[in-house]
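Colleague: mind folding the following:
(one chain, ligands or ions: 1)
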Amino acid sequence: MNPKSYVPALLLPDGTLLTETAVLLNYIADTWPEAKLAPPRGNLARVRFDEGLQFIATELHKGFAPFTLMPNTSEESKRWAAQRLAGRVGLLAEALADRPFLHGEAFTVLDAYAYFALRTYRHLLRVDLPGALGSYLERLSERPAVRATLTAEGIA
Ligand SMILES: N[C@@H](CCC(=O)N[C@@H](CS)C(=O)NCC(=O)O)C(=O)O
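Modeller: Modelled structure (predicted):
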């Protein structure tokens, strides 16, 4: 479906195909503003929010490649990649601090992307999450929509 040959992709009813996770998440948030899944556009809060989405996309999500797509990665390269990822995850823990969600008091698509990234990180590297990220991930796991999605995808 995606001419770029990777996931995710979102096919709209009119045939438009959207790709790139951060773009899809922004599209969803902007199409259903009543769900309040992102701050309104046109101010610095939204710019900071986009900064968070791009951080997860480029500093975490793409950083998983040595543990997934690259079968011949040396142990030294894996150690280097793991160290960098740990630093990035540490920055996310600092950003969350003691707040319930990454953008503050309410769930947003930034948390949806962080859920995927942190769950994948913990699974691939078999490490504990620093700071409050562990309990944050557990709380996100309990959300009915997250549970329904995991069930639908057949993920335990
Ligand atoms: N730039 C894309 C990257 C998405 C991505 O890395 N997807 C992974 C799965 S989580 C994938 O399909 N990888 C296969 C590949 O890159 O060949 C995005 O931000 O959505």
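
Colleague: just to check, residue 56 is in contact with residue 111?
Modeller: No - shown here, residue 56 and residue 111 do not form a contact pair, counting by CB atoms under 8 Å, at 10.2 Å. Glycine gets a C-beta too; all of them are placed from N, C-alpha and C.

Colleague: get me the contact residues on this structure for the ligand.
Modeller: With CB under 6 Å from any ligand atom as the criterion, the chain meets the ligand at residues 6-8, 20-21, 57, 61, 69.

Colleague: write the PyMOL selection for whichever of those residues are buried.
Modeller: Buried members of the residues of the chain next to the ligand, defined by 16 or more other CB atoms under 10 Å, are picked up in PyMOL with:
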select buried, resi 20+21+57+61
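
Colleague: among the residues of the chain next to the ligand, which pair sits farthest apart?
Modeller: 20 and 69 (17.3 Å; CB to CB).

Colleague: in stretch 136-153, what's buried?
Modeller: Counting neighbours by 16+ other CB under 10 Å, one finds that the buried residues in stretch 136-153 are 136-137, 139-140, 146.

Colleague: so who does the nearest residue to residue 94 once chain neighbours are set aside touch?
Modeller: Closest residue in space to residue 94, ignoring its immediate chain neighbours: residue 131 at 7.3 Å, by CB to CB, 6 or more residues apart in numbering. Residue 131 sits next to 90, 93-94, 96-97 when contact means CB atoms under 8 Å, 6 or more residues apart in numbering.
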